[in-house]
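Need coordinates for the following:
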Amino acid sequence: MAVSEKPLHIDIPVKLADVKVVFSIGALQFEGDLPASIFHMQLIEDDIAGWDAKSEVVAVFHTNAGHVTLHDSAYNSDRGIATGNPYRDLVANLIKRGVKVELCGATAKVHNWGNEDLLPDIKVNTDAMARTAQLVQQGFVKITE
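Residues are numbered from 1 along each chain as shown. Here you go, the predicted model:
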């Protein structure tokens, strides 16, 4: 996003001590060429670092966004291309920053993806709906992207 040179007064400053969010990502929408969900996870991770807050951030990729979790050869096969997964480094950076990235097991089954098709440190859950419900019941705020 472009940086504004115009002054901006924040009327409602937010600073949280504890952040528990689950991103439910069923399709990719874009801010320029960057998936908005990834941009928003980067933004909240920046906020968390600035606040020095405790946090748990979980990203559940499912439906039409599950391919984001695939390694290059599986991504190429699934998407019918030869360029590799363009989201690989973005996902790795989120994981390095503490985001837990998961793939919906139902989405994986429909696409015939196995654990060996996934990027490092991606966990597979039973299905996105059950996992999201579980996390919401544990006090996570659901963000739908």
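
pLDDT-wise, which helix or strand of the protein ranks last?
Per-element confidence for the chain was summarised using mean pLDDT, DSSP states H and E. The lowest value among helices and strands belongs to strand 30-31, with a mean of 94.

ok, it: who's next to it in the sheet?
strand 34-35 (antiparallel) (DSSP bridges).

Moving C-terminal from the strand it pairs with, which element do we reach first?
Later in the chain than strand 34-35, the nearest helix or strand by DSSP states H and E is helix 36-51.

List the buried residues of that next one.
For helix 36-51, a neighbour-count test (16 or more other CB atoms under 10 Å) marks 37-42, 44-45, 48 as buried. C-beta here means a position set from N, CA and C on the backbone, and glycine is covered the same way.

Turn the residues you listed into a markdown table, columns for distance to residue 92 and pLDDT.
Shown next, in a markdown table, are the buried residues of helix 36-51 (distance: CB to CB, whole Å; pLDDT from 0 to 100):
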| residue | distance to residue 92 | pLDDT |
| --- | --- | --- |
| 37 | 16 | 97 |
| 38 | 11 | 97 |
| 39 | 16 | 96 |
| 40 | 17 | 97 |
| 41 | 13 | 98 |
| 42 | 13 | 97 |
| 44 | 18 | 98 |
| 45 | 13 | 98 |
| 48 | 18 | 98 |
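
what's the closest of those residues to residue 61?
Looking at the buried residues of helix 36-51 and their distance to residue 61, the nearest is residue 37, at 8.6 Å (CB to CB).

This completes my enquiry, with thanks.
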